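Trainee: Need a 3D model of the following:
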Amino acid sequence: MKFECGLETEQRGIDMIPLIDVVFLLLVFFIYAMLSMTVHRAIDVRLPKVSEGDTVVEDYVAISISEDDVLFLDDTPIGLEEIVPQLRHRRWVDEDTPISIHGDSRSQLGTAVRVLDLLQRNGYQRVSLSVERDEDLQD
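Mentor: The predicted structure follows:
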């Protein structure tokens, strides 16, 4: 006599619940990893030190000035006369987009002033200078 308990007719397949759990955990991991990364578009320069400064966390355009006064737009070398056309070429950049000048502390002040003047003459009003906070300078 053969007894049937119902298991013989059930088809075996891949259980999707553990697979969905693994995919969800991977998604959470990559989202967390992406949010914890610091956006740094500029070249590596030695910023001037100040006693106080505000941190900007919104998306911005970085214009860097190296130690030997070479200009960079994000991480691409660029001439002074090419800055405004390159900014206008980018679709997401307009006059309200923040622009940060990352000037090396060993570069000439005149280069940063010329960049600042050029940007302001062309309507870019949200221009700032990047600095580094120095704990020794605080009172």
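Trainee: Need the per-residue pLDDT for the nearest residue to V84 once chain neighbours are set aside.
Mentor: Spatial nearest neighbour of V84, chain neighbours left out: N122 (4.9 Å); criterion: Cβ to Cβ, 6 or more residues apart in numbering. For the C-beta atoms, the positions are set from N, CA and C on the backbone; glycine is no exception. Note on N122: pLDDT of 90.
Trainee: Also the one 10 residues further on?
Mentor: The per-residue pLDDT reported for E132 equals 77.
Trainee: swap in the one 5 residues further on?
Mentor: As predicted, L137 sits at a pLDDT of 60.
Trainee: Identify the single longest helix in this protein, thanks.
Mentor: Using DSSP state H, we find that the single longest helix of the chain is helix 16-36.
Trainee: who's in contact with that one?
Mentor: Taking Cβ atoms under 8 Å, 6 or more residues apart in numbering as the criterion, no residue outside helix 16-36 touches it.
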